[in-house]
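Undergrad: based on what follows, work out the 3D shape:
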Amino acid sequence: MPQQVPDPQTRPAYHPHNTGQWLMIAMLWLIGRLPPRLALAIGDAAGRLLPRLSRRRRGIALRNIQLCMPELGPDAREALMRENLRYMGRAGAETALAWFGGEAVDRMPCQVHGLENLAAAQRDGHPVILLSGHFLCVELAARLIGPQLDMAVIYKPLRKKPLMDRAMLRSRRRTLVDALSRSDLRGIVRTLKHGTPVWYAGDQDYGVANSVFVPFMGVPAATITGLTRLARLSKARVVPLFFHANARGDGYEVTLEPPLEGFPTGSDTLDAQWMNAVIERGIRAHPAQYLWVHRRFKHPPPGERPAYRNSLQKHYNRVEGAPW
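TA: Here you go, the predicted model:
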């Protein structure tokens with residue numbers, strides 16, 4: 001009989017099946033202890049190699065860019081994909097600095113714009129949800145804005161990688177008010193009602209349950225309705241939050257926009273459309289710094305062909321030369 005693999009949640013930390021996680025944590029620790037400029041240069045160099053080293057990531061990114069930005073020609077899509085994977089490599093170094101970096105990390109430039117919009121939303125004691133997306137510098141930006149903005153974050157636990165999950169939580173809870181599992185609805189609502197803004201991103205495909213199909217950058221996408229539910233339960237206002245690496249590459253910019261007046265609307269579909277439109281605005285401002293390697297359209301609307309099926313992948317290979 002084949003040997004049964006222990007449950008990742010219950011096996012001992014030093015079990016052989018955790019070797020890969022330990023190696024990854026060790027590598028992140030080593031990079032995180034480097035001077036930030038050197039660490040980012042290493043991440044940038046690794047990202048330049050990603051198009052050759054990870055055909056799968058390259059293919060998903062190209063497919064998403066083709067779907068979401070049909071106005072771009074093949075050469076422009078290829079260039080955007082390569083720049084995006086360079087930022088992916090940089091994001092690895094940013095994560096290392098966020099989790100394990102010393103005081104030099106906290107001195108990195110970080111400009112925060114629009115704090116007055118948050119203050120306006122919190123007026124009269126209203127809770128605030130910070131609506132954002134999966135922009136690649138999220139880990140480091142969250143650490144850098146910690147001194148200027150008390151907030152908690154909602155995250156998806158890494159259940160198959162508990163050691164990585166533990167390292168991530170330790171880092172986030174050191175610089176932020178809290179990190180809350182997306183399944184901990186009571187904890188999230190309680191945190192909101194206590195006056196702590198909570199970071200929320202609804203731009204990933206979590207399946208069709210509790211989702212509606214609405215356009216995401218013009219493409220029908222399964223869109224979770226959790227933002228509407230949280231806003232209703234907590235009576236929170238929703239403030240868009242965007243962040244990106246600056247043009248020089250040596251620091252970051254964070255922007256809080258005015259609250260969404262009239263949200264929620266009373267319609268899950270309209271709310272989901274509104275949320276996607278807000279996130280789309282942030283993506284189009286800095287398209288190379290978004291998480292294009294996520295299969296955002298893996299659950300198509302009923303009756304439509306999957307975006308990533310082999311038949312479409314082979315077709316895209318012939319037309320675009322994309323290495324699926």
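Undergrad: when you work out contacts or count neighbours from here on, use the C-alpha atoms and nothing else.
TA: OK.
Undergrad: could you find the residue nearest the spatial middle of this structure?
TA: In the chain, the C-alpha nearest the mean C-alpha coordinate belongs to His134, at 2.2 Å (CA atoms, centre = their mean).
Undergrad: leaving out sequence neighbours, find the closest residue to that one.
TA: Leu291 (5.9 Å; CA to CA, 6 or more residues apart in numbering).
Undergrad: where does the stretch 1-150 of the chain dip in pLDDT?
TA: Counting by pLDDT under 70, the stretch 1-150 of the chain shows low-confidence ranges at 1-16.
Undergrad: can we see that at 50?
TA: 1-2 (pLDDT under 50).
Undergrad: for it, what spans make up the helices?
TA: 19-32, 36-53, 55-68, 74-100, 103-106, 115-122, 138-145 (DSSP state H, counting those that start in this stretch).
Undergrad: could those helices go into TSV alongside mean neighbour count and distance to Glu253?
TA: Shown next, in TSV, are the helices of the stretch 1-150 of the chain (neighbours: other CA atoms under 10 Å; distance: least, CA to CA, whole Å):
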stretch	mean neighbour count	distance to Glu253
helix 19-32	16	21
helix 36-53	18	16
helix 55-68	21	24
helix 74-100	22	14
helix 103-106	15	14
helix 115-122	17	13
helix 138-145	22	8
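Undergrad: now do the contacts for Asn210.
TA: Ile224, Thr225, Gly226 (CA atoms under 8 Å, 6 or more residues apart in numbering).
Undergrad: which one among those residues gets closest to Leu180?
TA: Gly226 (14.2 Å; CA to CA).
Undergrad: for that closest one, give its distance to Ala104.
TA: Gly226 sits 37 Å away from Ala104, going by CA to CA, to the nearest Å.
Undergrad: again, but for Leu50
TA: Counting by CA to CA - Leu50 and Ala104 are separated by 28 Å.
Undergrad: what does Pro220 give?
TA: In terms of CA to CA, Pro220 sits 43 Å off from Ala104.
Undergrad: and Arg190, by the same measure?
TA: In terms of CA to CA, Arg190 sits 34 Å off from Ala104.
Undergrad: tell me who's in contact with Met147.
TA: Careful, residue 147 is Pro; it's not Met. Thr175.
Undergrad: export the helices of the stretch 1-150 of the chain to TSV and tack on distance to Lys160?
TA: Below are those laid out as TSV (distance: least, CA to CA, whole Å):
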stretch	distance to Lys160
helix 19-32	10
helix 36-53	24
helix 55-68	20
helix 74-100	19
helix 103-106	29
helix 115-122	36
helix 138-145	20
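Undergrad: now the closest residue in space to Lys235 that isn't next to it in sequence: how far from Gly202?
TA: If the residues on either side of it in the chain are set aside, Lys235 comes closest to Pro127, at 6.9 Å by CA to CA, 6+ apart. To Gly202, Pro127 is 18 Å away according to CA to CA.
Undergrad: more crowded one of the two?
TA: Per other CA atoms under 10 Å, whichever of Pro127 and Gly202 has more neighbours is Pro127, with 23 against 19.
Undergrad: who touches the host helix or strand of Leu163?
TA: Using DSSP states H and E, Leu163 falls within helix 162-175. Identification of contacts with helix 162-175 by CA under 8 Å, 6+ apart yields 8-9, 13, 18, 21-22, 25, 98-100, 142-143, 146-147, 157-159, 178-179.
Undergrad: could you redo the last one with a cut-off of 10 Å?
TA: 8-11, 13-14, 18, 21-22, 24-25, 95, 98-100, 139-140, 142-147, 150-153, 155-159, 178-180 (CA atoms under 10 Å, 6 or more residues apart in numbering).
Undergrad: name the residues of stretch 286-298 that come out as buried.
TA: Pro287, Ala288, Gln289, Tyr290, Leu291, Trp292, Val293, His294, Arg295, Arg296, Phe297, Lys298 (16 or more other CA atoms under 10 Å).
Undergrad: before we move on, what about stretch 275-285?
TA: For stretch 275-285, by 16+ other CA under 10 Å, it's Met275, Asn276, Ala277, Val278, Ile279, Glu280, Gly282, Ile283.
Undergrad: report the distance from it to the chain centre.
TA: 13 Å (CA atoms, centre = their mean, to the nearest Å).
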